[in-house]
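**Q** test case, fold it:
(chains A and B)
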Amino acid sequence: MRVPYMPVPVHQPVPSLGGVLVRYRPVMAVRLTASAPSRLFDGLIDSRADDTVFTDSVATTLGIDLQGAEDRSVHLVGRPTPIRIRYAPVQLLISDGDQETFEWTAVVGFVSGRLHYNLLGQAGFLQFFDCSLRGEPDYEALLAPKASFPGRRH
Amino acid sequence: MDMRVFNENRRRFPPEELQKYAGKYVAWSPDGTSIIDSDEDMTRLDERLKAARYDVSEILISMVPMEDLILGGGLVD
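**A** Numbering: from 1, shown residues only, chains lettered A, B, ... in the order given. Reported below is the predicted structural model:
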């Protein structure tokens, strides 16, 4: 699956990119389903994130009750102290709207507070795909399901 | 909702227009051509969308980052 990077405006010229006013990031739409009807959110393909992580607000919209959910203390970049992450299973679906759709169930994390991006990390997302991040001039991610992909493909 | 059309239209959305929403959650129209509503609080935004009787299953909610440089995702606050 080809995932074009998302152009993101910036406030100041980017010195490391020749002074442009836009950055390109591997952000893609993910459809999530739990007990409530499915919803669409953006997520950043992030090889640095150990888990796939969304905000608590996402859990609320999906009808997920996080009370009593298994939790851990984790470190997130930009946060000086560890925060609590609570885990719950969700169904994830990604599609290019054209040729490929992948759907699977994974246990993902939810944290309080606002994230710059929901994180499509190793566990729950990248563990199921071979991912190639292609920079300029392509600015696209290529996702190919592993043989062990546990979900459905359409 | 046609995801291919949505993605193509959203990528064409003027960056300078999107920048006006920095620090907020935005709700994209199902065709990706416009932003329906925005709010710093996602739950509040979601409640407004439902009150306005939008089909929320066809609306993508996205955060427009405030900062220019983001390393490894991370929390806003």
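**Q** what about A:V58, how many neighbours?
**A** 25 (other CB atoms under 10 Å in any protein chain shown). For glycine as for every other residue, the C-beta is placed from the backbone atoms N, C-alpha and C.
**Q** Three-state assignment for it, please.
**A** helix (DSSP: H, G, I helix; E, B strand; the rest coil).
**Q** bridging residues for the nearest residue to it once chain neighbours are set aside?
**A** Leaving aside its sequence neighbours, A:V58 sits nearest to A:F41 (CB to CB, 6 or more residues apart in numbering or on different chains; 6.0 Å). Taking DSSP bridges as the rule, A:F41 bridges to A:V30, B:I61.
**Q** so what's A:F41 up against?
**A** A:F41 is in contact with A:A29, A:V30, A:L32, A:F54, A:V58, A:N118, B:L60, B:I61, B:S62, counting by CB atoms under 8 Å, 6 or more residues apart in numbering or on different chains.
**Q** out of those residues, flag the one nearest to B:W28.
**A** Of all the contacts of A:F41, B:W28 sits closest to B:L60, with 4.6 Å by CB to CB.
**Q** my read is that the closest one contacts B:A27, right?
**A** Yes - using CB atoms under 8 Å, B:L60 is in contact with B:A27, at 7.4 Å.
**Q** any idea how far A:I45 is from B:L45?
**A** Distance, B:L45 to A:I45, by CB to CB, to the nearest Å: 24 Å.
**Q** what about the strands in chain B?
**A** B:25-28, B:35-39, B:60-63 (DSSP state E).
**Q** can you pull the contacts of residue 33?
**A** Defaulting to chain A. A:T33 makes contacts with A:R39, A:L62, A:V90, A:Q91, A:L93, as judged by CB under 8 Å, 6+ apart.
**Q** wrong one, I was asking about chain B
**A** Counted by CB under 8 Å, 6+ apart, B:T33 has contacts B:N9, B:R10, B:F13.
**Q** my guess is B:Y21 contacts B:D39. True?
**A** No - between B:Y21 and B:D39 no contact is recorded; they are 9.8 Å apart, counting by CB under 8 Å.
**Q** and the residue nearest the centre of the chain?
**A** Answering for chain A, as no chain was given. Taking CA atoms, centre = their mean, the centroid of chain A lies closest to A:L120, which sits 2.6 Å from it.
**Q** meant chain B, my bad for not saying
**A** Central residue of chain B (CA atoms, centre = their mean): B:V26, 2.9 Å from the mean position.
**Q** show the pLDDT at that one.
**A** Note for B:V26: predicted pLDDT of 97.
**Q** what is it paired to in the beta sheet?
**A** B:S38, B:S62.
**Q** off-centre distance for the longest strand seen in chain A?
**A** Longest among the strand segments of chain A by residue count, using DSSP E, is strand A:83-95. Between the centre of strand A:83-95 and the centre of its chain there are 9 Å (CA atoms, centre = their mean, to the nearest Å).
**Q** for the helix or strand following that strand, which helices and strands make contact with it?
**A** With elements assigned by DSSP states H and E, the helix or strand that comes after strand A:83-95 is strand A:101-111. Counting contacts by 3 or more CB pairs under 8 Å, 6 or more residues apart in numbering or on different chains; DSSP states H and E, strand A:101-111 packs against strand A:53-55, helix A:56-62, strand A:83-95, strand A:152-153.
**Q** helix or strand right after the second one?
**A** Spelled out, that is helix A:56-62. Next in sequence after helix A:56-62, counting helices and strands by DSSP H and E, comes strand A:71-74.
**Q** check whether that following strand comes near chain B.
**A** No - counting by CB under 8 Å from any CB of the partner chain, chain B has no neighbours in strand A:71-74; the shortest distance is 10.8 Å.
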